[in-house]
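# 3D model of this:
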Amino acid sequence: MIHELGYRLADNSRLLRRLFDDRVRSLGLTAAQARLLLSLHREPGKNQAFYAEKLEIEPITLTRIVDRMEDAGWVERKPDPSDRRARMVQLTTKSHNIVSQLRDKVENMFEEVLDGFSEDDRRSLGSLLDRIGSNLYAARDMELTNG
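Here you go, the predicted structure:
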């Protein structure tokens, strides 16, 4: 029974990622670009290394994504005042419209995914997912410490 939950979580995660990819493609974005825009909106003022780690991609891959997005006028780089080798990435004024559309797409997607869930169900699910996340971080930390 327990191992079945793992498969179900992984399968649902894969399906959600695929749905997200399909939805953001309609805005002319790749999934990586959309995830970066959402991360920049949610956690502004960080350097490229932070966003690469957050998106779980290699720094050189993020650099290429940022290059294309900077050319399109959606993001800009600025020097990091605390590390002269690092560059901060931030949204531009031009990107606010696409971020708004992106957030609407994601919100609508989750309304579909959570169709039939009451507010209590949604709160309970959020709480359970937070607990799973905390346990995953603790297990990862333990693995890194012992491994």
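# output the strand ranked longest in the chain as PDB, restricted to C-alpha atoms.
With DSSP state E applied, the strand covering the greatest number of residues in the chain is identified as strand 83-91. Extracted C-alpha coordinates of strand 83-91, given in PDB (Å, rounded to 0.1, in the frame of the first residue of the first chain):
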ATOM      1  CA  ASP A  83      29.200  39.200  -5.400                       C
ATOM      2  CA  ARG A  84      30.800  41.000  -8.400                       C
ATOM      3  CA  ARG A  85      31.000  37.700 -10.300                       C
ATOM      4  CA  ALA A  86      27.300  37.000 -10.000                       C
ATOM      5  CA  ARG A  87      24.400  38.500 -11.900                       C
ATOM      6  CA  MET A  88      20.900  39.300 -10.500                       C
ATOM      7  CA  VAL A  89      17.900  38.500 -12.800                       C
ATOM      8  CA  GLN A  90      14.700  40.500 -12.600                       C
ATOM      9  CA  LEU A  91      11.500  40.900 -14.500                       C
END
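# buried set for that strand?
Judged by neighbour count using 16 or more other Cβ atoms under 10 Å, the buried positions of strand 83-91 are 87-89, 91. Using the backbone N, CA and C atoms, a C-beta is placed for each residue, glycine as well.
# cool, and stretch 21-35?
Of the residues in stretch 21-35, those buried by neighbour count under the rule 16+ other Cβ under 10 Å are 23-24, 29, 31-35.
# pick out the most distant pair among those residues.
R23 and A32 (14.2 Å; Cβ to Cβ).
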